[in-house]
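Engineer: Pasting a predicted model and its sequence here:
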Amino acid sequence: DGGMIVYTSTQNPTEVQKLVAEVLGVPMNKVVIDMRRMGGGFGGKETQASMPACMCAVIAHLTGRPTKMRLPRMEDMTMTGKRHPFYVEYDVGFDDDGLLQGIQIDLAGNCGYSPDLSGSIVDRAMFHSDNAYYLGDATIHGHRCKTNTASNTAYRGFGGPQGMVAIEEIMDAVARELGKDPLEVRKRNYYGKTERNVTPYYQTVEHNMLEEMTAELEASSEYAKRREEIRAFNASSPILKKGLSLTPVKFGISFTASFLNQAGALVHVYTDGSIHLNHGGTEMGQGLNIKVAQVVAEVFQVDIERIQITATNTDKVPNTSPTAASSGADLNGKAAQNAAQTIKQRLVEFAARHYNVTEEDVQFKNGQVRIRDRFVAFEELIQQAYFGQVSLSATGFYRTPKIYYDRDQARGRPFYYFAYGAACSEVIVDTLTGEYRMLRSDILHDVGASLNPAIDIGQVEGGFVQGMGWLTMEELVWNDKGKLMTSGPASYKVPAVADMPLDLRVKLVENRKNPEDTVFHSKAVGEPPFMLGISVWCAIKDAVASLADYKVQPKIDAPATPERVLWGVEQMRKLKQQAAPIVEPVVETAH
C-alpha cells in the first residue's frame, strides 16, 4: 500500500518514523517502526539512528526490495556524534569557612556542525551546574558552539555530568585554597532542608536526603580514618600516592523539553488469562520491559509469566517520547499501570454485578479473585467477563504533573523530583608514569522504593563504571586534517574488568519511598549513577595534590589519562620547588 516497515536500533521510534516519512514524501501513517531491543543505547541512539534508517528506506523505496544497512565500526564512530565536550570558566567568591557567597560559571558546549539536541543538553548542563550545592548569588551562562566535527548528541546524563564536573572541580579548588578537607567544604555548601534550598532556576529542593546519605556513607566507608591513613602513606611514599574523594549527586528527573514528559501503553487480556503488553519505551538492556511488566503484574496480582511484552511499535502506541532522561520506567510504567487499572476496574464492576456483591467485595490476590466468600481463578473471571461482553483491552496514558518552566525568565520547576547518590573512591597513582589503579569505591544510591533491586544495583554499578571511563580513559583524538584517530576499540579505550575497583561496594538507600506519586513510589535509575564516577576523577587529583601538600588543585582535564596525570604531577613538582625556601650555606669561620 505504498507503506514502509523499518526495523531499527533506536531510542526514539517516533522520530525515525517522522524522518523516514519526510524523506519518502509520505504521511506518517504509511511508516511503521518496529524496535524489539537495542544492544545498548546510553542516549546515543536518541537521534542518530535516523541516518541509516532513512538511507535504507530510500533504497528500499527505489528498488522495491528489502534493504539492510550496518555500518562498519570505524565509519560508525567517525560519522556519529559523541558526548558534548565542554570548556568551563568560573569566578567564585567564598568565606574563610568555604561557604560559597557568589559564583559566575560559563559553560561552552562543543555542538559539532549542527544543533542536534545541543540546546537541551546545554540547558541541562546549566541546570546541574549547582549539583548538590547552594551557590549563593549565581550567574550561569550556557554557550552552544558550532564547530567542524561530527554533530554531537545525547549521552547518559545529557549535559548534566558536564555541569556537575565543573562544580566538583570548584569545590576541590576552594578546599585547596583554604587548606581544608574537600568533603568538609562540600558538606558546608549542601542545600539545606528549610533555607538555602532554592536552585539558581528557582526550584525548591524538597525531600533532600544528601546530608543523611553522606553521613551514612562517610561512616560505612570509614572516610575519616582512611583520610588519615592516606596522608600518612603519602608522607612516607615518595613515588606511589593515594587519593580519596567523596562526591554527591543530585540529578533532576524529567525531560527539560516539557512536552516530552508523556507516554502511552496498550494492554490486552486474552480469554485464557494471558496478557499482552505494549508501551512506548524502548529496551536497551536497562531492564525497562521487566519493570513495566512487573507493574502490570502487580495491578492484576498475577505472575509475570502471564505477561508478554512485544516490540515497541508505532502502530500500537503512537507519538512516543524517546526513552531518555531516565524517565523510561516513570512514564511508561505509569501509562501501563493506567491501562491495567482501567481493565481491572471493568472486571471489578462486572464481578460485582455478576455475583451480586459490592465492588469492595472483589479483591485480586495471588492469581485469583476473591469475591466475598468464594475464590475464582483469574482466567475464569476473564472468560466470564468476555461472555459478559466486557472490553478486555485498554490504552493507558500518563503525563508528568507539576512541571513548568518559563524560559524567558529562567525560572520554574523543570524537574518532577531529584534522585540522590554519593560515592567514595580511593585510587593509587604512580607519579613516575601517571598510571593509576582503582583501589576501592563505596556507593550509596537513592532509587526510592525500588521496582527491582537487582536491576537497579546493576544500573548503579554500570553507570558508575561508565562515568569513571568517561572521566579517565575515553579520549577522543583528531589529527591535523580533522580525521578521528580514535575510531575503534583498538584506539578508543573503554573500561574493562581490569579497570574496576578492586573493592566495589554498592548499596541502595532503604525504606525511603519517593514522596512524589511515581509508579509505586520508585525513582529513576538510568542516568544519576553515571555522575558517581566523578569521585574517581576527584580522587586522582587528590593523590596528585598531595605532592604539593594539598595546597594547590592540579590542572588535570578530563579524561584524566595517565599522560594528563603525569602533566599534573610535573605541575605540582614545579610548584613545590618554587615554594621551597632557599637555604643559605653555613660557613664556619675561626675567630
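Structural biologist: Everything's here; your move.

Engineer: ok, now how distant is the residue most central in space within the chain from Met473?
Structural biologist: Residue closest to the mean C-alpha point of the chain, counted by CA atoms, centre = their mean, is Glu527 at 0.8 Å. With the distance defined as CB to CB, to the nearest Å, Glu527 ends up 20 Å from Met473. Bear in mind the C-beta positions are built from the backbone N, C-alpha and C, glycine included.

Engineer: hang on, the earlier thing: in contact with the spatially closest residue to the residue nearest to the centre of the chain that is not a sequence neighbour, which residues?
Structural biologist: Take Glu527 and drop its neighbours on the chain: the residue closest to it by CB to CB, 6 or more residues apart in numbering is Ser326, 4.4 Å away. The neighbourhood of Ser326, defined by CB atoms under 8 Å, 6 or more residues apart in numbering, consists of 251, 253, 419, 524-528.

Engineer: and if you look at Asp272?
Structural biologist: Asp272 makes contact with 379, 382, according to CB under 8 Å, 6+ apart.

Engineer: Would you mind measuring from it to Glu195?
Structural biologist: To Glu195, Asp272 is 59 Å away according to CB to CB.

Engineer: what do you get for Gln571?
Structural biologist: Computed as CB to CB, the Gln571 to Glu195 distance reads 39 Å.

Engineer: So which of these two has more stuff around it?
Structural biologist: Between Gln571 and Glu195, Gln571 has the larger neighbour count (other CB atoms under 10 Å), namely 17 against 8.

Engineer: Surely that one and Arg564 touch.
Structural biologist: No - with contacts counted by CB atoms under 8 Å, Gln571 stays clear of Arg564, the gap being 10.5 Å.

Engineer: returning to what we had before: using the three-state scheme, assign the residue nearest to Glu527.
Structural biologist: For Ser326, the assignment made with DSSP: H, G, I helix; E, B strand; the rest coil gives coil.

Engineer: do the same with Ile105
Structural biologist: Three-state call for Ile105 (three-state DSSP): strand.

Engineer: Any idea how many residues pack against it?
Structural biologist: Should you count by other CB under 10 Å, Ile105 turns out to have 24 residues around it.

Engineer: what kind of secondary structure is Gln384 in?
Structural biologist: helix.

Engineer: Next up, the contacts around it.
Structural biologist: When contacts are counted by CB under 8 Å, 6+ apart, Gln384 is found next to 350, 354, 376.

Engineer: And the first one, how close does it get to His279?
Structural biologist: Counting by CB to CB, the separation of Phe350 from His279 is 25 Å.

Engineer: of these two, who's got more company?
Structural biologist: For Phe350 and His279, the more surrounded residue by other CB under 10 Å is His279, and the numbers stand at 31 against 18.

Engineer: what ranges do the strands span in the stretch 301-450 of the chain?
Structural biologist: Taking DSSP state E, counting those that start in this stretch as the test, the strands found in the stretch 301-450 of the chain are 307-309, 312-313, 362-365, 368-371, 374-377, 393-399, 404-406, 411-413, 417-430, 436-445.

Engineer: Among those, which comes closest to Pro52?
Structural biologist: Each of these has some distance to Pro52 by CB to CB; the shortest is strand 312-313, at 17.7 Å.

Engineer: For that closest one, which helices and strands make contact with it?
Structural biologist: Packing partners of strand 312-313 (3 or more CB pairs under 8 Å, 6 or more residues apart in numbering; DSSP states H and E): strand 31-35, strand 275-279.

Engineer: got a list of contacts for the last one?
Structural biologist: If I follow you right, that is strand 275-279. Counting by CB under 8 Å, 6+ apart, strand 275-279 makes contact with 263-270, 292-293, 296, 300, 302, 306-310, 312-313, 316-317, 332, 335-336, all of which sit outside it.

Engineer: mind redoing it with 7 Å?
Structural biologist: Counting by CB atoms under 7 Å, 6 or more residues apart in numbering, strand 275-279 makes contact with 263, 265-270, 292-293, 296, 306-310, 313, 316-317, 332, 335-336, all of which sit outside it.

Engineer: Kindly report the same for the first one.
Structural biologist: Under the criterion CB under 7 Å, 6+ apart, residues 3-8, 10, 13, 16-17, 20-21, 282, 311-315 lie in contact with strand 31-35.

Engineer: Apply 10 Å and report the result again.
Structural biologist: Contacts of strand 31-35 with the rest of the structure, by CB atoms under 10 Å, 6 or more residues apart in numbering, involve 3-22, 24, 45, 49, 53, 57, 281-284, 310-316, 320, 323.

Engineer: and if you look at stretch 476-484?
Structural biologist: With CB under 10 Å, 6+ apart as the test, stretch 476-484 has contacts from 74, 77-79, 82-83, 85, 148-150, 485-487, 491-492, 559.

Engineer: Between the two ends of stretch 36-45, how far is it?
Structural biologist: As for stretch 36-45, its first-to-last residue distance stands at 14 Å under the measure CA to CA, to the nearest Å.

Engineer: That stretch: how far from the chain's middle?
Structural biologist: Using CA atoms, centre = their mean, to the nearest Å, the mean C-alpha position of stretch 36-45 is found 14 Å from that of the whole chain.

Engineer: What of stretch 225-245?
Structural biologist: Stretch 225-245 sits 32 Å away from the centroid of its parent chain (CA atoms, centre = their mean).

Engineer: Give me the distance between the two termini of it.
Structural biologist: Counting by CA to CA, you get 13 Å between the two ends of stretch 225-245.

Engineer: shift numbering so it begins at 18
Structural biologist: I'll keep to 18 as the first residue from here, and by that count the last item is stretch 242-262.

Engineer: what is the mean pLDDT for it?
Structural biologist: Looking at stretch 242-262 alone, the average pLDDT works out to 98.

Engineer: Flag every buried residue along that stretch.
Structural biologist: For stretch 242-262, the neighbour count (16 or more other CB atoms under 10 Å) marks 243-244, 247, 251, 258-262 as buried.

Engineer: Repeat that for stretch 445-454.
Structural biologist: Along stretch 445-454, the positions that meet the burial threshold by neighbour count (16+ other CB under 10 Å) are 445-448, 451, 453.

Engineer: Sort out which residues of stretch 512-527 are buried, please.
Structural biologist: In terms of neighbour count (16+ other CB under 10 Å), stretch 512-527 has its buried residues at 512, 516, 518, 523, 525-526.

Engineer: Quick one: end-to-end distance for that stretch.
Structural biologist: Stretch 512-527 has its terminal residues 29 Å apart, counting by CA to CA.

Engineer: Rounded mean pLDDT for that stretch, please.
Structural biologist: In this model, stretch 512-527 carries a mean pLDDT of 96.

Engineer: Might you report the residue contacts of the residue nearest to Tyr151 when sequence neighbours are not counted?
Structural biologist: Nearest residue to Tyr151, sequence neighbours excluded (CB to CB, 6+ apart): Arg213, at 4.1 Å. Counting by CB under 10 Å, 6+ apart, Arg213 makes contact with 116-117, 150-153, 206-207, 222.

Engineer: where does Arg213 fall, helix, sheet strand or coil?
Structural biologist: The assignment at Arg213 comes out as coil when based on three-state DSSP.

Engineer: Same check on Ile474?
Structural biologist: Using three-state DSSP, the secondary structure recorded for Ile474 is helix.

Engineer: For it, give me its contacts.
Structural biologist: Applying CB under 10 Å, 6+ apart, one finds that Ile474 lies in contact with 460, 462, 464, 467, 523-525, 542, 546.

Engineer: Kindly recompute the last result at 6 Å.
Structural biologist: Residues counted as contacts of Ile474 (CB atoms under 6 Å, 6 or more residues apart in numbering) are Val523.
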